[in-house]
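Student: Okay, predicted coordinates and the sequence, questions at the end:
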Amino acid sequence: MSRLIVHLDMDSYFASVEQQAQPSLRGRPIGVTGRPTERSIITAFSREAKRYGFHAGTPVWEAQKRCPNLVLVPGHPERYIDTTKLFLEILKEYTAQLEVYSIDEVFMDVTQEAERRGGAVAMAREIQRRFGEALGPCITATLGIASGKVFAKLIGKRFKPNGVGVLRDEDLPELLRRTPVGDICGIGPRIEKRLGQLGIRTLRDLGETPELLLRREFGVYGLFLRSVGQGYDPTPLVPYTDVPPPKSVGHSKSLPPELRDMPVALLVLHDLCEQVAGRMRKLGYVGRTVHCGFRAGSIGPHAAKQITLAVPSDDGDVIYEACQAILAAIPSHPSEVSNVAVSVGNLVERDRLPDLLFEEDRRRDRLNGAVDRIRTRYGSQAIRRGSSLLVKPLAPHVGGFLPETWEF
């Protein structure tokens, strides 16, 4: 085994953190959601709820129908981030080759360190024990060990929850023969269907498919697929210390029915522009390309365009004015929208730009800095634009990816 890669996946993460924080929830089927209404979805289920066959993204109404005693719990993103920080500090003691894949998933290269810890399995068991001591008995992790990231994730999934899975070299041929291509992370339903049309259903089929055929159908990605089918994962592990700078900063919101009228949705969009601008300032970037869009109605098509600013900016008002210009250029003008989104790309490090020339711009910059300091100290709702007070603050997004401004 040329490399020893460990994939660590927290079990029922958000739900487990809530059960650890609230003992009354332990042993009960719970669903974590941003908004506990029939129109929202459930982000995470506890182990007790998963016995009903639930998966993340199940609508609230469907989950309650299948499990009448399901307890809906509002998500607490900051609580999950704090817990992630705790377990990452533990993992740093085992290797510096640590890739933070999401808020509850980590890849570790322990090729050099495993032997000193009694082997990769012993190391994994030690990590589980330390998690129990530091995080509490409700919060557990499953670890998969293999020679590559794809296979470490695949084998770990088969030992959930709170297990340790190892893919040994001698077991690889049988795994390739029996594993459907859809079980591999990165092969979604559409690619799986295209592979099936080519007669490729297992990993072994994938490995035996001519390289020219896969490259013709999938481009460079076809070479990666064939490598996986042959039992080799070339994907490098990217340590958290080497994470590349962001290409864009964005935010979107799905709107409840009471906020779907276009004039009200624009108030939400203005708030999103403020949030994006604040994140850009914290990251130290300004941007030139503003992308804005919306989804018409509850299930209608998505419409979006982008515009390039004359001067890079990190100001929420400038970004919102660009969004207004974009929306004016979109032919469709629905009376209701169910989702609004904004992002800023073509980023430039602010320190590389010359100082602001005009006093008006410098005054605006000082105002933004004061607002950032207030929100950092007292919370994001401590100071709000007057027009945004017409809209009740939306519940924070509860998702599996780390916020762009999070540091560790």
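Tutor: Thanks, I have it.

Student: okay, CA-based contacts and neighbour counts for the rest of this
Tutor: Fine.

Student: How far does stretch 110-120 sit from its chain's centre?
Tutor: Stretch 110-120 sits 29 Å away from the centroid of its parent chain (C-alpha atoms, centre = their mean, to the nearest Å).

Student: Identify all contacting residues around it.
Tutor: Residues outside stretch 110-120 that contact it (C-alpha atoms under 8 Å, 6 or more residues apart in numbering) are 3-6, 94-95, 97, 123, 145.

Student: any idea which of these is least confident?
Tutor: In terms of pLDDT, residue 3 ranks lowest among those, with 88.

Student: May I ask you to confirm that that one belongs to a strand?
Tutor: No. Per DSSP: H, G, I helix; E, B strand; the rest coil, residue 3 lies outside any strand segment and is coil.

Student: my read: it touches residue 149, true?
Tutor: No. The pair formed by residue 3 and residue 149 falls short of the contact definition of C-alpha atoms under 8 Å, at 9.9 Å.

Student: Between the two, tell me which one has more neighbours.
Tutor: Shown here are residue 3 and residue 149; by other C-alpha atoms under 10 Å, residue 149 has more neighbours (25 against 14).

Student: Enumerate every residue touching the more buried one.
Tutor: Applying C-alpha under 8 Å, 6+ apart to residue 149 gives the contacts 5-7, 107, 233, 235, 237.

Student: Please pick the buried ones from these.
Tutor: 5-7, 107, 233, 237 (16 or more other C-alpha atoms under 10 Å).

Student: Out of those, which comes closest to residue 154?
Tutor: If you rank the buried ones among the contacts of residue 149 by distance to residue 154 using C-alpha to C-alpha, residue 7 comes first, at 9.0 Å.

Student: my hunch is that the closest one is in a helix, does that hold up?
Tutor: No. Assigned with three-state DSSP, residue 7 falls outside any helix and is strand.

Student: what bits of the protein have low per-residue confidence?
Tutor: 1, 35-39, 243, 298-299, 387-408 (pLDDT under 70).

Student: and the longest helix anywhere in the chain, what does it pack onto?
Tutor: Longest among the helix segments of the chain by residue count, using DSSP state H, is helix 262-283. When contacts are defined as 3 or more C-alpha pairs under 8 Å, 6 or more residues apart in numbering; DSSP states H and E, helix 262-283 packs onto strand 248-254, helix 316-329, strand 337-349.

Student: just so I know, which of those lies nearest residue 263?
Tutor: Closest among these, once you apply C-alpha to C-alpha, is strand 337-349, at 10.0 Å.

Student: Give me the buried positions along the closest one.
Tutor: Here strand 337-349 shows 337-348 as buried, counting by 16+ other C-alpha under 10 Å.
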